[in-house]
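K.L.:
Sequence and computational prediction follow.
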Amino acid sequence: MQVARETTGGVAPPAAASQTGARRVRTLIGATPGERAVTALGLVTGVCMLVTIWAILVAAPVDVVQGMPFRIFYFHVPVAWVTFLAFFIVFVASVAYLWRRDERWDWMARAAAEVGTIFTTVTLITGSLWGRTIWGTWWTWDPRLTTTLILWFIYVGYLMLRSYTGRTASGARTAAVLGIVGFVDVPIDYLSVTWWRSLHPPTTYVQSGLPASAAGTLMFSLFTFTLLFSLLLVLAYQLQRVQTGAEKLRGQAEG
C-alpha cells in the first residue's frame, strides 16, 4: 500500500477521480428516475411501435378515395396530438417555474420544448407528404398549416433563446414567459379548421368519419406515440439534470 501511495504521488487514480466526480454530480442534481423503469418503458414503446407499424401497413383498411397515401394519416394525427401535448407541458411547467422558482420545472419545460419541436417538425413533414398526394402541392397557406408553422417558429425561437441565455435564472424566467405566451397558438391551431375556411379535414372527421377498424388503428397509434413522447421526455429531462449538475460542478471547481 505504501508503494502505491508513493507511485501515485498522493494523487487519486483516474478511475477513483471519475467515480468521485460522478458522486458529486448525483449529489448536486438529486436522484434520477429508476433505470429499470426507463428501460421497461423503452421496451414497451418498441413493441407497441412494431405493432402500430404492422397495423398501419397491413391491418388498417385502404381508403376508397385516397388509397394508400391515407396511411400517412395514422402517423400524422398522433404526431400532431403529441405536439399539442408537449407544448401544454411547456405551458404548465413554465407557469409552475414562475410560481415556485424550482429549477426542476424549468428542466421539464426545456425538455418538453425540445421533444415537442421534433414532433412539430414531423407533423409538418407528414402533412406535406399527404398534401402532395391529395392536394397536388407540398404546401399551401391553409389556416391549419400556417398556424402549425407559426407554432414551430415559436418553439424554435424558444430553444434559440435557451441556448443564448444559458442556464441562468434570468434566462429561465424569460423562456418561461415565452413558453406561456407561445401556447396561445395551440388552441388557435386546433380551432383553425373551424374558424376559417380550410382544406384540412375537420376534427369531426377523426371523431366520426372512420370505420371501426381504422378508428382502432388510430387509437392504438395515438397510444404508441404518446408512449414514445413520454420516453423521450424522460430521457431529455434526465439530460437536463445531468447538464445542470455538470455546470454546477464546473462552477465549484473554477471557484
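P.N.:
Cool, the structure landed.
K.L.:
In which helix or strand does the residue nearest to D102 when sequence neighbours are not counted reside?
P.N.:
Once flanking residues are discounted, D102 sits nearest to A96: 7.3 Å by CB to CB, 6 or more residues apart in numbering. Yep, even glycine has a C-beta here, placed from its N, CA and C like the rest. Here A96, judged by DSSP states H and E, is contained in helix 73-100.
K.L.:
What is the subsequent helix or strand relative to that helix?
P.N.:
Next element after helix 73-100 (DSSP H and E): helix 103-134.
K.L.:
How far off centre is that following helix?
P.N.:
Relative to the chain's own centre, helix 103-134 is displaced by 6 Å; criterion: CA atoms, centre = their mean, to the nearest Å.
K.L.:
Now do it: which elements does it pack against?
P.N.:
Helix 103-134 is packed against helix 73-100, helix 143-165, helix 169-182, helix 212-254, with contacts defined by 3 or more CB pairs under 8 Å, 6 or more residues apart in numbering; DSSP states H and E.
K.L.:
again, 6 Å this time
P.N.:
Judged by 3 or more CB pairs under 6 Å, 6 or more residues apart in numbering; DSSP states H and E, the packing partners of helix 103-134 are helix 73-100, helix 143-165, helix 212-254.
K.L.:
Which one, of these, ends up nearest to T133?
P.N.:
Checking those against T133 by CB to CB gives helix 73-100 as the closest, at 11.1 Å.
K.L.:
Now do the closest one against helix 103-134: the angle between them, please.
P.N.:
160 degrees (axes from the mean of the first three to the mean of the last three CA atoms, to 10 degrees).
K.L.:
In helix 73-100, which residues are buried?
P.N.:
Across helix 73-100, burial judged by 16 or more other CB atoms under 10 Å covers 73-87, 89-98.
K.L.:
Quick one: residues contacting A113.
P.N.:
90, 155, 158 (CB atoms under 6 Å, 6 or more residues apart in numbering).
K.L.:
Only alpha carbons, please: show stretch 235-247 as PDB.
P.N.:
Output of stretch 235-247 as PDB, limited to C-alpha atoms (Å, rounded to 0.1, in the frame of the first residue of the first chain):
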ATOM      1  CA  LEU A 235     -34.600  11.000 -21.300                       C
ATOM      2  CA  ALA A 236     -34.500  14.700 -22.200                       C
ATOM      3  CA  TYR A 237     -35.400  15.600 -18.600                       C
ATOM      4  CA  GLN A 238     -32.600  13.400 -17.300                       C
ATOM      5  CA  LEU A 239     -30.200  15.100 -19.700                       C
ATOM      6  CA  GLN A 240     -31.200  18.500 -18.400                       C
ATOM      7  CA  ARG A 241     -30.500  17.300 -14.800                       C
ATOM      8  CA  VAL A 242     -27.100  16.000 -15.700                       C
ATOM      9  CA  GLN A 243     -26.100  19.000 -17.700                       C
ATOM     10  CA  THR A 244     -27.200  21.300 -14.900                       C
ATOM     11  CA  GLY A 245     -25.200  19.300 -12.300                       C
ATOM     12  CA  ALA A 246     -22.100  19.300 -14.600                       C
ATOM     13  CA  GLU A 247     -22.300  23.100 -14.900                       C
END
